[in-house]
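Participant: just to be clear, the model below is a prediction. Sequence and coordinates:
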Amino acid sequence: KDGNPGKTALGRAREAEARGVEELLLQEGAQDDELDQKLDWNAFRKMRSCLNLDRLPASDEGETGIQCAENLLALSEVDAFKDVSIPEEYSQWRTRIQEPHRRAISIFQLFDLGKLIIQVLRTTRIVDPWNIRSMTWTYINLYHINDLFVLPLTSKHECSFVELVAEAPHEAKWYVSHWWGTSFRDLLDMLLYHAETRCILATDAYWIDIFANRQHDIPNLKKQDLHDTPLYKAIMGDTCVGTVMCMDQHATPFKRSWCTLEHFVTTKVCAKAELRRTFEVASVIQEGSQNFHEWQGDVGVWSTYQKRTPAILSLGDKASTVSIGDEAFGLSFPVDIGKKALRTDVAKTQATQLDDKEAILRFILQDAITKGDPLPPTHVRFDEVNRSIWTMFAGIALLDHAKCTDCAEVKSILRKELVDVNSV
């Protein structure tokens, strides 16, 4: 330590690095050559630092003066580029890729989109007509981005976003399972950290539905047989090594039918086909949500963690492992997500289209149900899917319930034999 007694030298070094990253990447005309030349952990950390500085995007201030809801434009009617020129790389249809499962996106292409969104939000005030609040970098999600960026940029050619930025077909190294309502800042932060820890190369890519599918032509993606969907083909593809599920703070993906299907295909269908796939869950430790241990002089104290950092939970052969994006001692994968995951019931998940949910449940049941028969409210195969999700999070939940002396929950987890207590 030196100087300010309330901040470590490492903390000040990180702040200095972040300021340098801001100048390097967000100033007008900045080039990404430094990042493009070499992909290593430091490059990804710089990218994360750049997009996580709270002072960069517009703040939530200035909510007063917003018009009443009936006078607000629908996001699809808002011109997000009235004060910002559309970058040249988004102005033409670069390549036609007929097969949606071959439209994966690189981490750099995602990062560039994030910078464009920040630039637009800095210069143009956009109000979400549903929640009557200004659009900010911390608030904007994929529902907003689809209306404000993806559809406008691809409307001329009616192509996918990937076909705007890719030079050739790109198959997935990783499949991304997520809920569209997750903050895009959180999603990008999770994927940048994932790329850092999984040694992602410049040639590797993530399959993300909003960018891979032609959003102008979604009805044509609907398939009678789920084996023919881009989801299935991307996960089962030869280049795919696994799925990373990006969580919001409410563990919404495990309430969504499509997300539970993605987990099922990755863990069960692939195993049956003797394809080895990894399933991982990413989240973000939010500011003020956990405590960490630090030294103040010769005294060790527990303090509230006042930053945000990503975390990844990996399902191993015998136990789950956790990696955290900050070395602060005492941080853990968000416990609330683990507890909510233990309440997953695939039969009670939701889908925008009810017939999609029915098709997914029938896919899980396979030959256990005859075509035309009504879906059962419970089934042993539903239980198997639920249990595979519960097992991944049981150790996290068990430790927290034990710390809180919640004996009933501890007994419930142990009674279901969801965790090997010797591995926790």
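Facilitator: Noted; the coordinates are in hand.
Participant: what does stretch 243-253 rub up against?
Facilitator: 174-179, 181-183, 186-187, 190-191, 194, 206, 235, 259-260, 262-263, 266, 277-284, 286, 312, 334, 336-337, 340-341 (CB atoms under 8 Å, 6 or more residues apart in numbering). Any C-beta I mention is one placed from the backbone N, CA and C, and that applies to glycine too.
Participant: farthest residue from the center of this protein?
Facilitator: What lies farthest from the middle of the chain is residue 298; by CA atoms, centre = their mean that is 39.5 Å.
Participant: against residue 85, how distant is that residue?
Facilitator: According to CB to CB, to the nearest Å, residue 298 and residue 85 sit 56 Å apart.
Participant: do the same with residue 222
Facilitator: Note on residue 222: its distance to residue 85, by CB to CB, is 36 Å.
Participant: which one of those two has more residues nearby?
Facilitator: residue 222 (11 against 8; other CB atoms under 10 Å).
Participant: any idea how far residue 160 is from that one?
Facilitator: Taking CB to CB, one finds residue 222 at 16 Å from residue 160.
Participant: neighbours of residue 278, just the number please.
Facilitator: Counted with other CB under 10 Å, residue 278 comes out at 17.
Participant: residues touching the residue lying closest to it once chain neighbours are set aside, list them.
Facilitator: Excluding its sequence neighbours, the residue lying closest to residue 278 (CB to CB, 6 or more residues apart in numbering) is residue 242, at 3.2 Å. With contact set as CB under 8 Å, 6+ apart, residue 242 has these partners: 174-175, 266, 277-280.
Participant: need phi/psi at residue 242.
Facilitator: phi 170, psi -170 (degrees, to the nearest 10).
Participant: what is it paired to in the beta sheet?
Facilitator: For residue 242, the beta-bridge partners are residue 174, residue 278 (DSSP bridges).
Participant: picking that back up, of the contacts of residue 242, closest to residue 364?
Facilitator: residue 266 (13.1 Å; CB to CB).
Participant: before we move on, the earlier item: distance-wise, check the residue farthest from the centre of the chain relative to residue 103.
Facilitator: As judged by CB to CB, residue 298 and residue 103 stand 56 Å apart.
Participant: ditto for residue 145
Facilitator: On the measure of CB to CB, residue 145 and residue 103 end up 17 Å apart.
Participant: among these two, which residue is more densely surrounded?
Facilitator: Set side by side, residue 145 and residue 103 show more neighbours around residue 103, with 29 against 23, by other CB under 10 Å.
Participant: does that one touch residue 208 like I think?
Facilitator: No. Here residue 103 does not reach residue 208: they are 9.3 Å apart, not a contact under CB atoms under 8 Å.
Participant: flag the shaky bits of the chain, pLDDT-wise.
Facilitator: 1-45, 50-73, 219-221, 223, 316-320, 421-424 (pLDDT under 70).
Participant: could you pull up phi and psi at the most centrally placed residue in the chain?
Facilitator: The chain has residue 246 as the residue nearest its centroid, 3.1 Å off, counting by CA atoms, centre = their mean. With angles defined as degrees, to the nearest 10, residue 246 sits at phi -100, psi 120.
Participant: now do it against residue 190, distance only.
Facilitator: Distance from residue 246 to residue 190, by CB to CB: 5 Å.
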